[in-house]
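Participant: Requesting a structural model of the entry that follows:
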Amino acid sequence: MLKVVLIFFVGVVGLCAAAAQLEEVFAWKEVSFAWPSEEAKNEAVKTGDYIVHNNLPLGVERWRDRIFVTVPRWKAGVASSLNYVPLTPANKTASLIPYPDWKANTLPKGEEKPTENAVISTFRVKVDACDRLWVMDTGLADILGSPNLVSPPAIVIFDLKTDKLIRRYTLKDSDLKGEESFFANIVVDATPDKCDEAFAYIPDLGGYGLVVYSFAENDSWRIKHNFFHFDPLSGDLTIGGVNFQWTDGLFGLALSPQNENGYRTLYFHALASTNEFSVNTEVLRNKTLATDPSQYNMFKLEGSKGPGSQTSASVLDEKTNILFLTQLCKDGVACWNTKKPLNPENLGLIVQDHENLIFTNDMKLDHERNLWILSDKMPIFIYKDLNPEEVNYRIFKVPVDEAIKGTICEA
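Facilitator: Reported below is the predicted structural model:
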């Protein structure tokens, strides 16, 4: 026991020695939207369609001069779920612009049905190597109040060069585990020369499963594994002064570079866990193989990140094979060089800020190898009340090479 404590202590001392300098790109006390008119905004406020303090930014992604920002419909009064803000001109408090337009992000009234390109409520999105935006639409509104399934969970894919819908794929009943299923993330396996052969991997944090979608076959299948479940010893969290218990299972996913036969390693973890796992996508992309119980041992335990290392988002830098992981209980972001064994000694804390990085909810890498980090104080938003006089939501960026400089991950 003493040896474990000493290893953890030495690791933490080493981790905190290096701290990357983050550039704050956006900072909001409360988010605003680019309404068609002041009259439209006032009407939305009057009807309760827009309740400003119920709009919490959660997901981030970059494409060219746009930063996509998602606002899930946790509560009533979310104006638009899928949005972007321009990088130029620089404006830290820029208003969110609904994507692809206002209509697609407006909840249907009465007997109206959602449009084909509708986005009811999304948590995280992913831009692929073919300039497509992949959106996992949960279809749920007012999740924390009176949950309303406006439309079934669906993958919505847009062409970013034209802002037009490419495809909407509704998940099959066999992809779901009843009302327990909850889809808050999506990663995409695509290459520029084989865009039509893309695959998407979608974790089910509530139903403890993984859904695989083949763009070429326009088909999906669900995979079960014990590694997708939460760890009962890691479900008690204290973040931003708020103590709570979560049972979130499979959550964060990150893909390695392609190996010689074209497949990748998928690194994954449950949110309520400190372990990291992996599996080769050759297993996942073969429907027969992926759903065969005999493939259980193809999934691998990479190791433990150590106490208090629960992670939401993770991304992997293909040039260095370094995996970046948000550190929810430490108000920061860590790194792990996947060429080394995973243990607390090999986990480097690249940045930690107990004020500005409360709940590092999402993180992405762009084509220039900049790491984008969104923090949003979500536990305070859910269990207490955010102070509208303080900055509550921030988006930072830092180049990968600067982020890892001086950490255990650099060598």
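
Participant: Phe26 sits in which helix or strand?
Facilitator: strand 23-28 (DSSP states H and E).

Participant: Which strands and helices lie in contact with that strand?
Facilitator: Under the contact definition 3 or more CB pairs under 8 Å, 6 or more residues apart in numbering; DSSP states H and E, strand 23-28 sits against strand 393-399. C-beta here means a position set from N, CA and C on the backbone, and glycine is covered the same way.

Participant: ok, residues contacting the strand it packs on?
Facilitator: Strand 393-399 has contacts (CB atoms under 8 Å, 6 or more residues apart in numbering) with 20-28, 31, 56-57, 60, 67, 69, 350-351, 356-357, 368-377.

Participant: buried stuff in the next helix or strand after the strand holding Phe26?
Facilitator: Sequence order places helix 38-47 as the next helix or strand after strand 23-28, per DSSP H and E. By neighbour count, with 16 or more other CB atoms under 10 Å as the criterion, the buried positions of helix 38-47 are Lys41, Ala44.

Participant: Could you point out the helix or strand that follows helix 38-47?
Facilitator: Counting by DSSP H and E, the element after helix 38-47 in chain order, helix or strand, is strand 59-63.

Participant: Parallel or antiparallel, which strands does the helix or strand that comes right after that next one pair with?
Facilitator: Next helix or strand after strand 59-63 toward the C-terminus (DSSP H and E): strand 66-70. Strand pairing for strand 66-70, using DSSP bridges, gives strand 59-63 (antiparallel), strand 82-86 (antiparallel).

Participant: which is the next helix or strand following the last one?
Facilitator: Read in the C-terminal direction, the helix or strand following strand 82-86 is strand 97-98, with elements assigned using DSSP H and E.

Participant: Bridging across strands, which residues link to Arg167?
Facilitator: Here Arg167 sits in beta bridges with Ile157, going by DSSP bridges.

Participant: Can you report how many residues neighbour it?
Facilitator: The tally of other residues near Arg167 (other CB atoms under 10 Å) stands at 15.

Participant: That one contacts Phe158, correct?
Facilitator: No: contact criterion CB atoms under 8 Å: Arg167 and Phe158 do not qualify, at 9.2 Å.

Participant: coming back round to it: in the strand holding Phe26, which residues are buried?
Facilitator: For strand 23-28, the neighbour count (16+ other CB under 10 Å) marks Val25, Phe26, Trp28 as buried.

Participant: Name every strand pairing with it and say which way it goes.
Facilitator: strand 393-399 (antiparallel).

Participant: distance between the partner strand and the chain's centre?
Facilitator: Distance of strand 393-399 from its chain centroid, counting by CA atoms, centre = their mean, to the nearest Å, is 15 Å.

Participant: Pull out the buried residues from it.
Facilitator: Quick answer for strand 393-399 (16+ other CB under 10 Å): Tyr393, Arg394, Ile395, Phe396, Lys397, Val398.

Participant: Can you show me the strands along the stretch 51-200 of the chain?
Facilitator: Along the stretch 51-200 of the chain, counting by DSSP state E, counting those that start in this stretch, strands occupy 59-63, 66-70, 82-86, 97-98, 122-127, 132-137, 140-141, 148-149, 154-159, 164-170, 187-189, 199-204.

Participant: Report the distance from the third one to the chain centre.
Facilitator: When you say that, I think you mean strand 82-86. Offset of strand 82-86 from its chain centre (CA atoms, centre = their mean): 16 Å.

Participant: which residues touch that strand?
Facilitator: Under the contact criterion CB under 8 Å, 6+ apart, strand 82-86 has outside partners 26, 33, 65-71, 91, 94-99, 104-105, 119, 122, 125, 135.

Participant: likewise the fifth one?
Facilitator: With CB under 8 Å, 6+ apart as the contact definition, strand 122-127 has outside contacts at 58-59, 61-63, 68, 70, 72, 81-82, 133-138, 160, 183-188, 200, 313, 362.

Participant: Pairing partners for it, with directions?
Facilitator: By DSSP bridges, strand 122-127 pairs with strand 132-137 (antiparallel).

Participant: how near is the closest residue to Tyr263 other than its chain neighbours to Ser314?
Facilitator: Of all residues not flanking Tyr263 in the chain, Glu282 sits nearest, at 4.3 Å (CB to CB, 6 or more residues apart in numbering). To Ser314, Glu282 is 21 Å away according to CB to CB, to the nearest Å.

Participant: Sweet, I'm off.
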